[in-house]
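1. requesting a structural model of the entry that follows:
(2 chains)
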There are 2 protein chains.
Amino acid sequence: MRLRQIPLLCSLIAAGAHADTIIEHANGYTLNAKGDMVQFDAMAFDDQGRIIAVGTAAQVSAKAPKAKRVDMKGQTVLPGLIDAHGHVFGLGGMLTQLDLSATTSLPQALKAIGAYAARQPRDGWLIGRGWNQENWKLGRFPTAAELDAVVGDRPVWLERVDGHAGWANSRALALAGVTKATPDPVGGKIMRDANGNPTGVLVDHAVELVGRVVPKLNDEQARRQLDAALAEMARVGLTGVDDAGIGVQQDRLYRDYADHGKLTARVYAMIGGTGAEFDQLSKNGPLNSYGKDMYALRAVKLYADGALGSRGAALIEPYSDEPNSHGLLFQTNEQIDAMMHKAMAKGYQVNVHAIGDAGNRQILDTFAKEIPATHTEAQRHRIEHAQVVALADLPRFQSIGIIPSMQPTHATSDKNMAEARVGHERIKGAYAWRTFLQQGSRIACGSDFPVESPNPFYGIHAAVTRMDHEGQPIAGWYPEQEMSLKEAFRCFTLDAAYAGHQEDKVGSLEPGKYADFIVIDRDMFKITPYDIFKIKVQQTWVGGRKVH
Amino acid sequence: MRLRQIPLLCSLIAAGAHADTIIEHANGYTLNAKGDMVQFDAMAFDDQGRIIAVGTAAQVSAKAPKAKRVDMKGQTVLPGLIDAHGHVFGLGGMLTQLDLSATTSLPQALKAIGAYAARQPRDGWLIGRGWNQENWKLGRFPTAAELDAVVGDRPVWLERVDGHAGWANSRALALAGVTKATPDPVGGKIMRDANGNPTGVLVDHAVELVGRVVPKLNDEQARRQLDAALAEMARVGLTGVDDAGIGVQQDRLYRDYADHGKLTARVYAMIGGTGAEFDQLSKNGPLNSYGKDMYALRAVKLYADGALGSRGAALIEPYSDEPNSHGLLFQTNEQIDAMMHKAMAKGYQVNVHAIGDAGNRQILDTFAKEIPATHTEAQRHRIEHAQVVALADLPRFQSIGIIPSMQPTHATSDKNMAEARVGHERIKGAYAWRTFLQQGSRIACGSDFPVESPNPFYGIHAAVTRMDHEGQPIAGWYPEQEMSLKEAFRCFTLDAAYAGHQEDKVGSLEPGKYADFIVIDRDMFKITPYDIFKIKVQQTWVGGRKVH
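-> From the prediction side, this is the model:
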């Protein structure tokens, strides 16, 4: 027996050695364990996708003498970027469903809806998303009647760009049973005319009135969405994403994709809510790692409030541009406390969407109570968006130990709307990256795709310049909140990884970590920061495997 | 009588109107009264150099219909930049005396000294400055013997780049009476060999041992220096400077230059010390304005300690790279308190050089005592450099009400030396612009010329990138302390003006202020920040008069 094992062992060693790969002639950048920026020419990784060495050609060759070599031809190599807050199936839906996000007027949107309807089967719902009446400069929400005029024969349901409002035609309202007699649900609003009749737009919790009658995606449709989203993520250089709210169907597909080597980005998923799907998914507790660290399910996503655009975000003082409205908290203090306690007691990281200062305060208060009660400091609980925070509450992220998970492109997309909504004083605590960084907070950066583009270079550009792609406003919007390029790079790599308990596995290119890296068409650290959004990704590698 | 006055009055009005000037077709930028960045096409100013209107061509023409017009041809126009801390005669000296700042080795420096000596008259002292043994990678100070080998026949006295050490040859030491028997003065050090003999370099207060025997400049020499400095300042776009320490001779020359329209930059001067020259200059109290706001003498410059390079800065804990040394406080607490009290009681702004954390702490402590005692909050007292500050002391600038007057190029010039001197922990409170800005401090930016180049675009570049001109280090040196471009622009304009009580007169281009502006060769707000140091000034105007 012993004799027979020797040749087998030798051949394994030899195969292992030969399966190492060196990328060479790279213009490589990464943060190191000390948090310093370092450059490298070459990197070796094994056939398990683990990095063996990073450094000069000579240093790396010495560690992997028999490796096969891939010539980077002097191109710039970075660690794969991580989006700490995206909606993967939402992105897939946007790529495969009707997308109204580029429309700039209501007539243009109606034309696109009609054209899309003509291409679809006549028997199902028409589903779309991405509209924004602000971009249409409409000064009001659109109506069911306007939709009926282009599609009257089938139900139509179109989500607003932020997912916090939906626009239905009359068939959809009828199928949902939404009439003059339907009361506004708690935490939601049915837009109505002077007579009390629904006009077609449902806000925040009222969205569910229609949402619950929309037929669920079947697995085939869901796979099409996932395929489209993974391809798009690889194309823009994302090697990891925190999926901000999934259910049983998505969990099943993620495991299936991981089993079959089809998951081309690491997915760190949050269970959407603490209801029936949570009960089912949490039976065995948090899933820290699955499929060679390609998938994890150890977080829960909750919502404190809605969005600023639709005035659903909960504010302490009224909206500056609608003095009768404070927005809406989705739950009472007792309700959100019970939900957070339930998830935390089971050992989950709890990541709560909070946009308005009242939403953020409610969640901070609840974390301050529940983290000590559940002894879950180590879970790295997060507030998603942390968009408008009372100045007095900003330091509490640090004292309570909450990660702000933020989306730089929201600031450059929302800037005019946000300032109208909250005014000049409250805006000082809005999108306040520098204030967070200055007090020692790690910011996990993301995009909230498909609300914003998943392209992480859009995010880095916005973080560093606080400008849009036209270079406006001059010198940046509240530029005192700019990040340095190093900070933005860190927030989309190491700190995004940290927020997903993955900083020992990804987020930088160091021995022992996975070879998740990208090759880009220009040197991000040499070009003007104003052009960072123009960077194109030429190759994307995940776990030593080229996926784009 | 009445009838005869009418034509005279009419002609005055007409002359006034005709003497207005409009600059048009400008790509203009300025901060406005609200602190926002605004753009303008045109600006009108009257024959007193006061701005009448800023805005579009039509807006400006309406306010000054008969003005003569100057075509800016689309070039970028900015408010004149202000250096809040420079040494005007020092710059003039550097431009007219031996300058060793570009030397990179001791042999190269000695060769330059010898060549300079050959061009000078044989009967006087040879004076020079700008040497830095760090740049020579010498690992020690140079010696008198090395100087004697190239110039033995005349006294030679060469100031270190930071002015905090001097290098003498043996003739100079002999004339100063510095021998083995000379004790180190308080706050100073005579460098000595193993036998106790002076080696030629004198540090901090010991500099005066030679300095006091160097013949004073006569007025003709001083005028030559002032002319050279003013020309250089106009060339680099400085329309104002806070001269950090002058005496009776300089005051006389500034007044004379203002009287004769020869002062081409506004000078806000600080009296050097509280000794005999202060007593003479302060006889009539602070001079708030002289010669159409071209000159002011309402501040006093004091010193807490020396510089980091020569380890003269006073540190609370020992130097990281010289564990036996804490540096030197120039005065006891009682002495500095008496000096500050004397100046403050006479109504002067007190601006104290403090580099080390012990120096900064001593001055903060003294300000905390003396500002309430003298009721001089409104004087806007300053700490010059505020270079290495204990983290606990940073907020005290805000609570006590002290302006940090800082020099961005010091960070990029000093970065390696500074980190060696104070180590990784203390460096967090060093050159900490962002920390200051974040807590609400206004930073008055300057260069400390001739220690650094007077070019304010070098300063803006350093503030925004924390990189040297080679783009090093990657992503900037402690880039978390970067300023935004808007902040850096503000610190070299409005906030520098504020630190000199001039924000109502200069610092932005607004009606009623002086037309102090510059025309530059590229658009600072569009080019890559990495290139800001390459900006060239094409025109400099002070009070509506073109001076470059």
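2. residue A:190 contacts residue A:206, correct?
-> Yes. Residue A:190 is in contact with residue A:206 according to CB atoms under 8 Å; the separation is 5.1 Å. For every residue, glycine as well, the C-beta is placed using N, CA and C.
3. touching both of those two, which residues are there?
-> Counting by CB atoms under 8 Å, 6 or more residues apart in numbering or on different chains, the shared contacts of residue A:190 and residue A:206 are residue A:184.
4. those two: who's more crowded?
-> Neighbours per residue (other CB atoms under 10 Å in any protein chain shown) separate residue A:190 from residue A:206, with residue A:206 holding more: 26 against 22.
5. neighbours of the nearest residue to residue A:502 once chain neighbours are set aside, how many?
-> Leaving aside its chain neighbours, residue A:502 sits nearest to residue A:268 (6.7 Å; criterion: CB to CB, 6 or more residues apart in numbering or on different chains). By the criterion of other CB under 10 Å, residue A:268 has 26 neighbours.
6. give me the number of residues near the residue in the stretch 401-548 of chain A that chain B sits nearest to?
-> Relative to chain B, the nearest point of the stretch 401-548 of chain A is residue A:528 (3.0 Å; CB to the nearest CB). Using other CB under 10 Å, residue A:528 has 14 neighbouring residues.
7. and if you look at the one 5 residues further on?
-> The burial count assigned to residue A:533 is 20, neighbours taken as other CB under 10 Å.
8. likewise residue A:173?
-> Quick note: residue A:173 (other CB under 10 Å) scores 25 neighbours.
9. quick one: average confidence on whichever strand or helix holds it?
-> Per DSSP states H and E, residue A:173 falls inside helix A:170-176. Mean per-residue pLDDT for helix A:170-176: 95.
10. touching stretch A:201-214 from outside, list them.
-> Counting by CB under 8 Å, 6+ apart, A:125, A:127, A:141-143, A:157, A:159, A:163-168, A:172-173, A:175-178, A:182, A:184-191, A:306, A:310-312, A:328, A:330 sit against stretch A:201-214.
11. for chain A, what lies in contact range of chain B?
-> For chain A, the residues found near chain B under the criterion CB under 8 Å from any CB of the partner chain are A:29, A:37, A:39, A:434-435, A:437-438, A:466, A:471, A:473-476, A:479-480, A:482, A:484-487, A:489, A:525-531.
12. the residues you listed, buried ones only, as a ChimeraX selection?
-> Here is the ChimeraX command that selects the buried residues among the residues of chain A next to chain B (16 or more other CB atoms under 10 Å in any protein chain shown):
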select /A:29,37,434,435,437,438,466,473,474,475,476,479,480,482,484,485,486,487,489,525,529,530,531
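13. which non-adjacent residue is nearest residue A:527?
-> Closest to residue A:527 by CB to CB, 6+ apart is residue B:528, at 7.3 Å.
14. hmm, that neighbour is touching residue A:532, no?
-> No. Judged on CB under 8 Å, residue B:528 makes no contact with residue A:532 at a distance of 10.8 Å.
15. where does pLDDT dip in the stretch 401-548 of chain A?
-> Of all residues in the stretch 401-548 of chain A, none has pLDDT under 70.
16. where exactly do the strands run in it?
-> Under the criterion DSSP state E, counting those that start in this stretch, the stretch 401-548 of chain A contains strands at A:403-406, A:444-445, A:517-520, A:537-542, A:545-546.
17. deepest-packed of these, please.
-> When the strands of the stretch 401-548 of chain A are scored by mean count of other CB atoms under 10 Å in any protein chain shown, the highest mean neighbour count falls to strand A:444-445 (a mean of 30).
18. before we move on, the earlier item: which outside residues touch the helix holding residue A:173?
-> Contacts for helix A:170-176 (CB under 8 Å, 6+ apart): A:125, A:144-145, A:147-148, A:152-157, A:168, A:179, A:198, A:200, A:209-210, A:212-213.
19. show me which of those residues are buried.
-> A:125, A:144, A:147-148, A:154-157, A:168, A:198, A:200, A:209-210.
20. tell me which of the residues you listed fall in helices.
-> A:144, A:147-148, A:209-210 (DSSP state H).
21. tell me the one of these nearest chain B?
-> Distances from chain B to these, taken by CB to the nearest CB, are shortest for residue A:147, at 40.8 Å.
22. OK, contacts around that closest one?
-> A:110, A:113, A:156, A:158, A:167-170, A:200.
23. and it, what's its pLDDT?
-> For residue A:147, pLDDT reads 97.
24. relative to residue A:78, how far out is the residue of the stretch 1-150 of chain A found nearest chain B?
-> In the stretch 1-150 of chain A, the residue that lies nearest chain B is residue A:37 (4.6 Å; CB to the nearest CB). The span separating residue A:37 from residue A:78 equals 11 Å under the rule CB to CB, to the nearest Å.
25. report how many residues lie close to residue A:181.
-> 7.
26. that one belongs to a helix?
-> No. Counting by DSSP: H, G, I helix; E, B strand; the rest coil, one finds residue A:181 to be coil, located in no helix.
27. so it versus residue A:192, what's the distance?
-> Distance, residue A:181 to residue A:192, by CB to CB: 11 Å.
28. do residue A:347 as well
-> From residue A:347 to residue A:192 the distance is 44 Å (CB to CB).
29. for residue A:339, same thing?
-> From residue A:339 to residue A:192 the distance is 30 Å (CB to CB).
30. settle it for me: which of these two has more neighbours?
-> Neighbour comparison, residue A:339 and residue A:192: the larger count goes to residue A:339, with 21 against 15 (by other CB under 10 Å).
31. could you report the pLDDT at the more buried one?
-> The model's pLDDT for residue A:339 equals 98.
32. skipping adjacent residues, who's closest to it in space?
-> residue A:274 is the one closest to residue A:339 (CB to CB, 6+ apart), at 4.7 Å.
33. ditto for residue A:330
-> Nearest to residue A:330 is residue A:187, by CB to CB, 6+ apart, at 4.3 Å.
34. give me the residue from the stretch 251-400 of chain A nearest chain B.
-> residue A:394 (11.1 Å).
35. that residue against residue A:436, yeah?
-> Yes. In this structure residue A:394 lies within contact range of residue A:436 using CB under 8 Å: 7.0 Å.
36. in the sheet, who's paired with residue A:39?
-> Judged by DSSP bridges, the bridge partners of residue A:39 are residue A:29.
37. likewise for residue A:86?
-> residue A:243.
38. for it, give its distance to residue B:237.
-> 46 Å.
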